[in-house]
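> Take this sequence and fold it.
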Amino acid sequence: MKRSRRLQACIYASVYSLLVGCATGHPTTPATSTTRTQRDTTVIESHKKSWAPHLIAAKLRYFIHDSSTISINGDTTVAVVPIESTMIFSVSTSDSNNLLIVNSQIDSFYVNSSRSTKTKPDTSIRSNMHMVASKEGRFLDLTEAGPLDCTVANPSSPSRIGEVLIALPLNAITVGDKWSDTVSTTSCRGRIALTHRIVRQYELLDFSSCPQTNAAKVRGVITDTLVGSPTKSNNHLSAHGFGNAISMICIDANTGTLLKSDTQSHLELTVTTTRGAFPFIQNSNTHIELR
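Got it, this is the predicted structure:
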C-alpha cells in the first residue's frame with residue numbers, strides 16, 4: 001500500500017509539472033503560409049472604415065496573469081489543484097525587407113499553488129525565441145534557443161508569443177468581418193514535448209468598446225489538438241488531448257499591437273504512464289496587458 005501511494009505521488013508530481021506549463025492551454029507557432037503586403041493605416045472614425053493594420057517595429061513588455069484549477073484523476077482519488085502564475089514577457093521587433101525580426105524573452109515567472117514551494121518570483125528563468133514574421137503577425141520561422149530538452153519544467157516562450165502577437169487579417173475588413181489562422185508547434189510542457197495544432201478564428205467587433213483610444217475590439221475563438229511524447233528514453237510519460245478558448249482582445253487600430261486581452265480556456269489531457277492512463281482537466285482565466 002505504501003509503495004502504491006509513493007508511485008501515485010510520483011505520477012501526480014510529473015503531471016503537475018506538465019500542466020503548470022499549460023497555463024492557458026493554447027500555445028502558438030508559425031503559420032504555414034503568409035501574404036507579404038504593405039498597407040497604409042488610418043485612424044478609425046466609424047464602423048464604415050476599412051481596417052488593414054500591420055505590425056511595426058517596437059519594444060513591448062507584457063504582464064500575464066493566469067488563474068487555473070486542475071482536476072487530477074488518480075487510481076482511487078480526484079484532486080483539484082488551484083494554480084496562479086504571473087509572468088513578465090518581453091517582445092522586440094525590427095524591420096527587415098518588409099518582414100519583422102522578432103525576439104521574445106520571459107523576464108520573470110512566479111507560480112503560487114498548493115503544490116508549489118516558491119515564495120518569490122524566479123527571475124533566473126530565461127526562455128528566448130528568435131523568429132521571422134510578416135507584418136500581419138504570421139510566423140515564417142520560429143526557433144527556441146537551444147535544443148528541445150524537456151527534462152526540466154520551465155515556462156515556454158512559444159506558448160506565449162502567439163497570445164501577444166495576434167494574427168491580423170490579410171485583407172482590409174470592416175466591423176463584423178472574420179478571419180482565421182491555422183498554426184502548429186512543438187514545445188516543452190513539463191517533461192513532455194507537446195505538439196499542438198491550433199485553429200484561431202477572429203471577428204472584428206467594434207472600435208468603441210475598448211478603454212484605449214483608437215483601439216479595435218476583437219473576439220478570438222481557439223481550438224487546440226495536442227499530442228505529447230517524451231524527449232528522453234528514460235521518460236515514460238506521453239499525452240494527448242484537446243483544448244478550446246474564447247478571448248476578448250483590444251488591439252491598437254493602427255499598429256496591430258496587442259493592448260489587452262482576457263481569455264477563458266478549457267483543456268482536457270490524458271497522460272499515459274507505466275501505471276496506466278490518467279485524465280486531467282484544466283480551466284483557466286488569463287489576463288494580458290501591455291505595460
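> going forward, measure contacts and count neighbours with C-alpha atoms only.
Will do.
> What ranges does the chain have for its strands?
In the chain, the segments counted as strands under DSSP state E are 58-73, 78-96, 99-113, 128-133, 139-144, 178-189, 192-206, 215-229, 238-252, 258-273, 276-290.
> Same list (the ones you listed) but as JSON lines, adding distance to Gly162 and mean pLDDT.
Output for the strands of the chain, formatted as JSON lines (distance: least, Cα to Cα, whole Å; pLDDT from 0 to 100):
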{"stretch": "strand 58-73", "distance to Gly162": "13", "mean pLDDT": "93"}
{"stretch": "strand 78-96", "distance to Gly162": "11", "mean pLDDT": "90"}
{"stretch": "strand 99-113", "distance to Gly162": "11", "mean pLDDT": "88"}
{"stretch": "strand 128-133", "distance to Gly162": "11", "mean pLDDT": "79"}
{"stretch": "strand 139-144", "distance to Gly162": "9", "mean pLDDT": "62"}
{"stretch": "strand 178-189", "distance to Gly162": "10", "mean pLDDT": "80"}
{"stretch": "strand 192-206", "distance to Gly162": "10", "mean pLDDT": "88"}
{"stretch": "strand 215-229", "distance to Gly162": "11", "mean pLDDT": "92"}
{"stretch": "strand 238-252", "distance to Gly162": "13", "mean pLDDT": "94"}
{"stretch": "strand 258-273", "distance to Gly162": "11", "mean pLDDT": "93"}
{"stretch": "strand 276-290", "distance to Gly162": "12", "mean pLDDT": "93"}
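> Out of these, which is closest to Asn171?
Nearest to Asn171, of all these, is strand 178-189, at 9.1 Å by Cα to Cα.
> Tell me what angle that closest one forms with strand 215-229.
On the basis of axes from the mean of the first three to the mean of the last three Cα atoms, to 10 degrees, strand 178-189 is oriented at 40 degrees to strand 215-229.
> Reformat the strands of the chain as TSV; add mean neighbour count and distance to Leu165.
Listed next are those as TSV, based on neighbours: other Cα atoms under 10 Å; distance: least, Cα to Cα, whole Å:
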stretch	mean neighbour count	distance to Leu165
strand 58-73	18	10
strand 78-96	17	9
strand 99-113	20	10
strand 128-133	20	10
strand 139-144	18	10
strand 178-189	20	13
strand 192-206	22	13
strand 215-229	21	13
strand 238-252	21	10
strand 258-273	21	7
strand 276-290	19	12
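> Output the ones you listed in a markdown table, with distance to Ile161 appended to each entry.
Formatted as a markdown table, the strands of the chain follow (distance: least, Cα to Cα, whole Å):
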| stretch | distance to Ile161 |
| --- | --- |
| strand 58-73 | 11 |
| strand 78-96 | 8 |
| strand 99-113 | 7 |
| strand 128-133 | 9 |
| strand 139-144 | 10 |
| strand 178-189 | 12 |
| strand 192-206 | 14 |
| strand 215-229 | 15 |
| strand 238-252 | 15 |
| strand 258-273 | 11 |
| strand 276-290 | 12 |
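> Relative to Val164, which of these is closest?
Judging the strands of the chain by Cα to Cα, what sits closest to Val164 is strand 258-273, at 5.9 Å.
> Are there helices or strands packed against that closest one, and which ones?
In this structure, strand 258-273 makes packing contacts with strand 238-252, strand 276-290, judged by 3 or more Cα pairs under 8 Å, 6 or more residues apart in numbering; DSSP states H and E.
> Let me have those strands in CSV, adding distance to Val218 as columns.
Rendered in CSV, the data for these read as follows (distance: least, Cα to Cα, whole Å):
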stretch, distance to Val218
strand 238-252, 5
strand 276-290, 14
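> Need the pLDDT of His54.
According to the model's per-residue confidence, His54 sits at a pLDDT of 91.
> And the helices and strands packed on strand 258-273: which comes nearest Arg160?
strand 276-290 (10.3 Å).
> Quick one: residues in contact with that closest one.
23-24, 60-74, 164, 258-272 (Cα atoms under 8 Å, 6 or more residues apart in numbering).
> mind running it again at 6 Å?
Outside of strand 276-290, the residues that reach it under the criterion Cα atoms under 6 Å, 6 or more residues apart in numbering are 62-73, 259-271.
> try stretch 131-143
Under the criterion Cα under 6 Å, 6+ apart, residues Pro30, Ala31, His54, Leu55, Leu99, Leu100, Ile101, Val102, Met129, His130, Ala167, Leu168 lie in contact with stretch 131-143.
> and the residue lying closest to Leu267 once chain neighbours are set aside, what does it touch?
Ranked by Cα to Cα, 6 or more residues apart in numbering and with sequence neighbours excluded, the top spatial neighbour of Leu267 is Gly243, at 4.2 Å. For Gly243, the set of contacting residues under the criterion of Cα under 6 Å, 6+ apart consists of Thr223, Asp224, His266, Leu267.
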